[in-house]
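1. pasting the structure only:
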């Protein structure tokens, strides 16, 4: 073999090795590029999913907050209406104390008080009802005025038992029922 053929052979082998290395490099570069594209696509889709989840969560929170605010406003409006209606009921009760039927109601209250607490009582009520209560209760009448809408308050002489038959107390005890009726 001649030197030229040997150099040609070395050159051909070098070129073949270089071509193989270039092909392997190109293959590796293609694999890296494909892996990069796949990873980018994966990151994009993950980002889209995370964004959609965050948007959905934010939307759900805002919707829940809006519903809560609406319920709160509805409750406040109902409460305001009921408070107003109870105030009107108090005004009607106060107006009732000026009616001709009111003295009979005080007599019935006195009967209930004596039945519940016995004959020995101290009875008090509004200053406006002093003359009526003096007639109904007799010497059991206590002149100390009560700050009530109407009705009477009875208690035993020793103060151990008390029966509050004032319109205020009767309305307070039945306020839940009144609210239920008015709602």
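-> Yep, it's here. Predicted, not measured: the structure shown is a model, and the values here were computed from it.
2. what distance do you get for residue 4 to residue 63?
-> Per C-beta to C-beta, to the nearest Å, residue 4 is found 86 Å from residue 63. Where you see a C-beta, it was placed from the backbone N, CA and C, and this is true even at glycine.
3. make sure residue 105 is indeed in a helix.
-> Yes - counting by DSSP: H, G, I helix; E, B strand; the rest coil, residue 105 is found in a helix.
4. this structure: helices as residue ranges?
-> For the chain, the helices defined by DSSP state H cover 3-96, 102-117, 130-137, 167-173, 175-182.
5. nearest to residue 161, out of those?
-> For these, proximity to residue 161 was assessed by C-beta to C-beta; helix 102-117 is nearest, at 5.7 Å.
6. show me what the least confident helix or strand in the chain by mean pLDDT is packed up against.
-> Least confident helix or strand of the chain, by mean pLDDT, DSSP states H and E, is helix 175-182 with a mean of 76. Applying 3 or more C-beta pairs under 8 Å, 6 or more residues apart in numbering; DSSP states H and E, one finds that helix 175-182 contacts helix 3-96.
7. chain center to the helix it packs on, what's the gap?
-> Mean-position distance between helix 3-96 and its chain equals 33 Å (C-alpha atoms, centre = their mean, to the nearest Å).
8. ok, the residue nearest the centre of the chain to residue 10 distance?
-> Residue closest to the average C-alpha location in the chain (C-alpha atoms, centre = their mean): residue 72, at 6.3 Å. Distance of residue 72 to residue 10, given as C-beta to C-beta: 90 Å.
9. now residue 19
-> Distance, residue 19 to residue 10, by C-beta to C-beta: 15 Å.
10. quick check: domain ranges of the protein?
-> Domain assignment for the chain, taken from automatic domain parsing, gives 1-74, 97-182.
11. low-confidence ranges in this protein?
-> Applying pLDDT under 70 to the chain picks out residues 1, 182-183.
12. contacting residues for residue 175?
-> Going by C-beta atoms under 8 Å, 6 or more residues apart in numbering, residue 175 touches residue 86.
13. any idea how far it is from residue 72?
-> According to C-beta to C-beta, residue 175 stands 22 Å off from residue 72.
14. go on, residue 15?
-> In this view, residue 15 and residue 72 are 83 Å apart by C-beta to C-beta.
15. backbone dihedrals for residue 145, please?
-> For residue 145, the backbone dihedrals are phi -70, psi 150 (criterion: degrees, to the nearest 10).
16. count of neighbours near it?
-> By other C-beta atoms under 10 Å, the residues close to residue 145 number 13.
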